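S.K.: could you look at this predicted model? Sequence included:
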Amino acid sequence: MLTAVLKNEMAWFDQEENESSRVAARLSLDANNVRSAIGDRISVIMQNSALMLVACTAGFVLQWRLALVLIAVFPVVVAATVLQMFMEGFSGDLEGAHAKATQLAGEAVANMRTVAAFNSESKIVNLFKTSLDVPLRRCFWKGQIAGSGFGIAQFFLYGSYALGLWYASWLVKHGISDFSKTIRVFMVLMVSANGAAETLTLAPDFIKGGRAMRSVFDLLDRKTEIESDDPDSTPVPDRLRGEVELKHVDFAYPSRPDTLVFSGLCLRARAGKTLALVGASGCGKSSVIALIQRFYEPTSGRVTIDGKDIRKYNLKSLRRHIATVPQEPCLFATTIYENIAYGHESATEAEIIEAATLANAHKFISSLPDGYNTFVGERGVQLSGGQKQRVAIARAFLRKAEIMLLDEATSALDVESEKCIQEALERVCSGKTTIVVAHRLSTIQNAHSIAVIDDGKVVEQGSHSHLLKNYVDGCYAKMIQLQRFSHGHDFVNMASVGSNSSTM
């Protein structure tokens, strides 16, 4: 199941029903219910079926009259089956209702610091109680129906005992059968009746297993819209030049199809050069990064690398040539060493230390008691935001890819660390195609080209000095003015420094 989950495209995970906590619940609960129904319960059914077959055969051999009477009460099975179908309607949505409560609890635990900081513990508890109201009501009615069904089943069971004993005594009294045979037939068939009753008690497990099986097979049978390892795709060359281009791209996120992010976007990052993307929040800078990694497909238009549509490349092979530093660094609950080596497990210790040194992370890692073997905790909770960012940058450096995608890579760093990282980025990214998403414009003034995105299109593009000279009242100039007022001296000498940057 996990393999089937991981092969899905990003748009699938954006859907509400496929949020991380719900997917995790499905992986644990659905798989366990299917295993229980197919494995444990099937063996019990086969055992009891064999028991009833042998018991009926023995009963007819020993005393067929009594056997016929006892078997005549077996229609209780049909009644129980009808009751089972009736009960299914009362319990059908319990897993879905519990999934919401599980999601809420998972989010609260994962963000415990935020919950505690805002004194929201009681609010979370109240929301959790509210989310359990629906399953509580359904459980109440399910219990009533199940209790009634159990009472009816017990009535038929003990009624069959009474009828069997009465008829057995009548046969013995009239000399039709001796006591020994009668007792043996009665005991054999009553034991088989207990087996049938045990089988019926498994009905709820089969109902859960049936629903879980549908969910599991829906997941296993789903064909992803973006195949990461298509055998018919074109292998990526061992070395890429790194020419990246978006041609007349229209794009909207599948979860928000009516909100167009890009409309006819044209953008080009020259091989071995640095392209910076700037613009207002929500203009689509990070969406460009996602499209280049082919997390999503454009509605129309093409994304090409070295002149070839990336849809024709083998995606797994292509991503080996791309290194990414996301806006929110993602660390796994393991050691710093393994986090840096993630995706490049064959790297040597010397290579990992070199990458950490370039990312200005080696000093703080070495100061930790366990050094590179320090466990970072769930989502890197043991490290500060800046430390997590530096580990993520070291991971990208270690990849030594031809294309670097930096999405606010220095956003969580202090001024001193940012300066060191900027110098390291310039060294490591030299000769590589680098696409930088930046909010602080001081970090991208030396980029070979700066593209300003607004209203789903590139409205200005050029070097820092080119944009200031040719778009005096343009978007880029206005953003610089805003940040100049916010940060004071950061931009006093920007124009003179930027004059050394390359033109388009």
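M.R.: Sure thing, it's come through.

S.K.: and the gap between residue 277 and residue 454?
M.R.: As judged by CB to CB, to the nearest Å, residue 277 and residue 454 stand 11 Å apart. For glycine as for every other residue, the C-beta is placed from the backbone atoms N, C-alpha and C.

S.K.: between those two, which is the more surrounded one?
M.R.: Using other CB atoms under 10 Å as the criterion, residue 277 and residue 454 rank with residue 277 on top: 27 against 15.

S.K.: helix or strand for that one, which one?
M.R.: Using DSSP states H and E, residue 277 maps to strand 274-278.

S.K.: neighbours around residue 456, how many?
M.R.: Using other CB under 10 Å, residue 456 has 19 neighbouring residues.

S.K.: just the pLDDT for it.
M.R.: Reading off the confidence values, residue 456 has pLDDT 85.

S.K.: which residue packs closest to it, ignoring adjacent ones?
M.R.: The shortest distance from residue 456 to any non-neighbouring residue, by CB to CB, 6 or more residues apart in numbering, is to residue 263 (4.1 Å).

S.K.: what sits against that neighbour?
M.R.: By CB atoms under 8 Å, 6 or more residues apart in numbering, the residues touching residue 263 are 250, 455, 456, 457.

S.K.: need the max-distance pair from those.
M.R.: The largest separation in these, counting by CB to CB, is between 250 and 455 at 13.0 Å.

S.K.: can you confirm residue 246 is in a strand?
M.R.: Yes - Residue 246 sits within a strand when classified using DSSP: H, G, I helix; E, B strand; the rest coil.

S.K.: name the SS class of residue 360, please.
M.R.: Recorded secondary structure, residue 360: coil (three-state DSSP).

S.K.: ok and whichever strand or helix holds residue 267 relative to strand 274-278, angle-wise?
M.R.: Per DSSP H and E, residue 267 falls inside strand 262-269. Counting by axes from the mean of the first three to the mean of the last three CA atoms, to 10 degrees, strand 262-269 points 150 degrees away from the direction of strand 274-278.

S.K.: list the buried ones in strand 262-269?
M.R.: Of all the residues in strand 262-269, those buried under the rule 16 or more other CB atoms under 10 Å are 262, 263, 265, 267, 268, 269.

S.K.: turn these into TSV, columns for pLDDT.
M.R.: Shown next, in TSV, are the buried residues of strand 262-269 (pLDDT from 0 to 100):
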residue	pLDDT
262	91
263	89
265	91
267	93
268	92
269	92
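
S.K.: what about residue 379, how many neighbours?
M.R.: Neighbourhood size, residue 379 [other CB under 10 Å]: 16.

S.K.: make sure it is actually in contact with residue 331.
M.R.: Yes - counting by CB atoms under 8 Å, residue 331 is a contact partner of residue 379 at 6.4 Å.

S.K.: dump the helix or strand that residue 34 is a member of to PDB, restricted to CA.
M.R.: In this structure, residue 34 sits in helix 31-35 according to DSSP H and E. C-alpha atoms of helix 31-35 as PDB (Å, rounded to 0.1, in the frame of the first residue of the first chain):
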ATOM      1  CA  ALA A  31      -4.500  -2.900   5.800                       C
ATOM      2  CA  ASN A  32      -5.100  -4.400   9.300                       C
ATOM      3  CA  ASN A  33      -8.800  -4.900   8.600                       C
ATOM      4  CA  VAL A  34      -8.100  -6.600   5.300                       C
ATOM      5  CA  ARG A  35      -5.500  -8.800   6.800                       C
END
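
S.K.: and the strands in the stretch 151-300 of the chain?
M.R.: Listed in chain order, the strands found in the stretch 151-300 of the chain under DSSP state E, counting those that start in this stretch are 244-251, 262-269, 274-278, 300-305.

S.K.: dump those into a markdown table; add distance to residue 231 as well.
M.R.: Output for those, formatted as a markdown table (distance: least, CB to CB, whole Å):
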| stretch | distance to residue 231 |
| --- | --- |
| strand 244-251 | 25 |
| strand 262-269 | 30 |
| strand 274-278 | 33 |
| strand 300-305 | 20 |
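
S.K.: what's the closest of these to residue 32?
M.R.: With CB to CB, the closest approach to residue 32 among the strands of the stretch 151-300 of the chain belongs to strand 244-251: 39.4 Å.

S.K.: run me through the strand neighbours of that closest one, direction for each.
M.R.: The partner list of strand 244-251 in its sheet, established with DSSP bridges, is strand 262-269 (antiparallel), strand 300-305 (antiparallel).

S.K.: list the buried ones in it?
M.R.: 244, 245, 246, 247, 249, 251.

S.K.: and the first one, what pLDDT?
M.R.: Pointing back at residue 244 there. pLDDT recorded at residue 244 is 94.

S.K.: which residue sits closest to it, ignoring its sequence neighbours?
M.R.: In space, residue 244 comes closest to residue 269 once its chain neighbours are excluded; the distance is 4.2 Å by CB to CB, 6+ apart.

S.K.: wait, what's in contact with that neighbour?
M.R.: Going by CB under 8 Å, 6+ apart, residue 269 touches 242, 243, 244, 245, 275, 433, 434, 435, 449.

S.K.: what does residue 476 give?
M.R.: Contact analysis of residue 476 by CB under 8 Å, 6+ apart lists 278, 441, 450, 452, 460, 467, 468.

S.K.: state the helix or strand in which it lies.
M.R.: Element membership for residue 476 (DSSP H and E) is helix 475-487.

S.K.: pLDDT on that helix, on average?
M.R.: What helix 475-487 shows for mean pLDDT is 78.

S.K.: for that helix, buried residues please.
M.R.: Within helix 475-487, the residues that qualify as buried by neighbour count (16+ other CB under 10 Å) are 475, 476, 477, 479, 480, 483, 484.

S.K.: from the residues you listed, which two are the most distant?
M.R.: Greatest spacing in the buried residues of helix 475-487, by CB to CB: 475 and 484 (14.8 Å).

S.K.: for the stretch 351-500 of the chain, what spans make up the strands?
M.R.: In the stretch 351-500 of the chain, the segments counted as strands under DSSP E, counting those that start in this stretch are 403-407, 433-437, 449-454, 457-462.

S.K.: is it possible to export the ones you listed to JSON lines including distance to residue 325?
M.R.: Below are the strands of the stretch 351-500 of the chain laid out as JSON lines (distance: least, CB to CB, whole Å):
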{"stretch": "strand 403-407", "distance to residue 325": "5"}
{"stretch": "strand 433-437", "distance to residue 325": "10"}
{"stretch": "strand 449-454", "distance to residue 325": "19"}
{"stretch": "strand 457-462", "distance to residue 325": "23"}
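
S.K.: of those strands, which is nearest residue 188?
M.R.: Taking CB to CB, strand 403-407 is the member of the strands of the stretch 351-500 of the chain nearest to residue 188, at 73.5 Å.

S.K.: mind giving me the packing neighbours of the closest one?
M.R.: Counting contacts by 3 or more CB pairs under 8 Å, 6 or more residues apart in numbering; DSSP states H and E, strand 403-407 packs against helix 285-292, strand 322-325, strand 433-437.

S.K.: mean neighbour count added to these, as TSV?
M.R.: Formatted as TSV, those follow (neighbours: other CB atoms under 10 Å):
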stretch	mean neighbour count
helix 285-292	22
strand 322-325	24
strand 433-437	25
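
S.K.: could you dump the ones you listed to JSON lines with distance to residue 401 and mean pLDDT?
M.R.: Converted to JSON lines, the helices and strands packed on strand 403-407 look like this (distance: least, CB to CB, whole Å; pLDDT from 0 to 100):
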{"stretch": "helix 285-292", "distance to residue 401": "12", "mean pLDDT": "92"}
{"stretch": "strand 322-325", "distance to residue 401": "4", "mean pLDDT": "89"}
{"stretch": "strand 433-437", "distance to residue 401": "9", "mean pLDDT": "92"}
